[in-house]
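Student: Structural data only, the sequence is not supplied:
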């Protein structure tokens, strides 16, 4: 279980996460982790806090497939302990991406974002996209599909890329290679981001969603990425021998 199933417990936990002082930026897109809330919840809240709480547009949520499924969208409402998150079906239809509810059902990378969205943006709708092929060309193509859907629908959109960073390596190595990879995103240099991933072998599970988000946001006028917070699971467990890295990144 990634988060509490009991509504009041979950609400209290999210309230605690969002009590931290919000970064002084307003984002067009964000990177948010998708681990258990005890490990990465504060980091996710840090990213989501760069979107105003009165946002009532469409959140395009792009997550990686951990089971090897092809890229697909979801068009059914998402249930959370805090209530239902509605899907912007008009936007999803405008994406020209196949809909595959079965593959979404077992994927946590998008699901974990939904309670944050329901709590922070109760009037917003979502367009969930699970990404299979995460190569550069696939990311650029997905970014164009998102941009085309924005043009077709006129929606007010923010883009959420769901990703953890390095997996199951010593804390010092995770921090070094993750921060090196993230540094390429400060200028939204996506080809350099891919080059550094290849150079380091960093096991960033959602690199494709990150790339697609950055490419789309750059076309929408964003000029830079800003690392807001970086943590590892070792900060919680005290075990620094095998950690997972988590980053909150705002594209502004």
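Tutor: That came in fine, so what should we check first? From a predicted model like this one, the values you see are computed outputs, not experimental measurements. Numbering: from 1, shown residues only.
Student: Confirm that residue 30 sits in a strand.
Tutor: Yes: under DSSP: H, G, I helix; E, B strand; the rest coil, residue 30 sits within a strand.
Student: which other helices and strands contact the lowest-mean-pLDDT helix or strand in the chain?
Tutor: Lowest by mean pLDDT, DSSP states H and E among the helices and strands of the chain is helix 101-105, with a mean of 87. Secondary structure elements in contact with helix 101-105, counted by 3 or more CB pairs under 8 Å, 6 or more residues apart in numbering; DSSP states H and E, are strand 125-131. In short, each C-beta sits where N, CA and C put it, glycine included.
Student: starting at the chain centroid, how far to the strand it packs on?
Tutor: The chain centre lies 10 Å from the centre of strand 125-131; the measure is CA atoms, centre = their mean, to the nearest Å.
Student: which residues touch that strand?
Tutor: 57-65, 69, 71-74, 78, 85-88, 91-92, 95, 97, 100, 103-104, 107, 109-110, 114, 117, 138-139, 142, 146, 149, 206, 208-209, 212 (CB atoms under 8 Å, 6 or more residues apart in numbering).
Student: tally of neighbours for residue 1?
Tutor: A count of neighbours around residue 1, defined by other CB atoms under 10 Å, yields 6.
Student: Identify the residue nearest it in space, chain neighbours excluded?
Tutor: Here the nearest residue to residue 1 in space, its sequence neighbours aside, is residue 36; by CB to CB, 6 or more residues apart in numbering that works out to 7.7 Å.
Student: was I right about the one you found contacting residue 13?
Tutor: No: shown here, residue 36 and residue 13 do not form a contact pair, counting by CB atoms under 8 Å, at 11.2 Å.
Student: mind listing what's buried in the lengthiest helix in the chain?
Tutor: For the chain, the helix reaching the highest residue count under DSSP state H is reported as helix 136-153. Taking 16 or more other CB atoms under 10 Å as the basis for neighbour counts, the residues of helix 136-153 that come out buried are 136, 138, 139, 142, 143, 145, 146, 147, 149, 150, 153.
Student: can I get those in TSV with pLDDT?
Tutor: Formatted as TSV, those follow (pLDDT from 0 to 100):
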residue	pLDDT
136	99
138	98
139	99
142	98
143	99
145	98
146	99
147	99
149	99
150	99
153	99
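Student: Out of these, the closest to residue 160 would be?
Tutor: Lowest distance from residue 160 to the buried residues of helix 136-153 (CB to CB) belongs to residue 146, with 11.5 Å.
Student: Residue 159 is in contact with the closest one, correct?
Tutor: Yes: with the criterion set as CB under 8 Å, residue 146 and residue 159 qualify as a contacting pair; they are 6.9 Å apart.
Student: right, and the helix or strand after the longest helix of the chain?
Tutor: Scanning the chain past helix 136-153 towards its C-terminal end, the next helix or strand to appear is strand 157-162 (assignment: DSSP states H and E).
Student: quick check: mean pLDDT across the following helix or strand past that next one?
Tutor: Per DSSP H and E, strand 157-162 leads on to strand 167-169 as the next helix or strand towards the C-terminus. Average pLDDT, strand 167-169: 98.
Student: Of all the residues in strand 167-169, which ones are buried?
Tutor: For strand 167-169, burial by neighbour count (16+ other CB under 10 Å) applies to residue 169.
Student: So what's the model's average confidence on the helix or strand where residue 245 lies?
Tutor: Using DSSP H and E, residue 245 sits within strand 243-251. The average pLDDT for strand 243-251 rounds to 99.
Student: cool, and stretch 88-95?
Tutor: Per-residue pLDDT over stretch 88-95 has a mean of 98.
Student: Name the residues of that stretch that are buried.
Tutor: Of the residues in stretch 88-95, 88, 91, 92, 93, 94, 95 count as buried by neighbour count, 16+ other CB under 10 Å.
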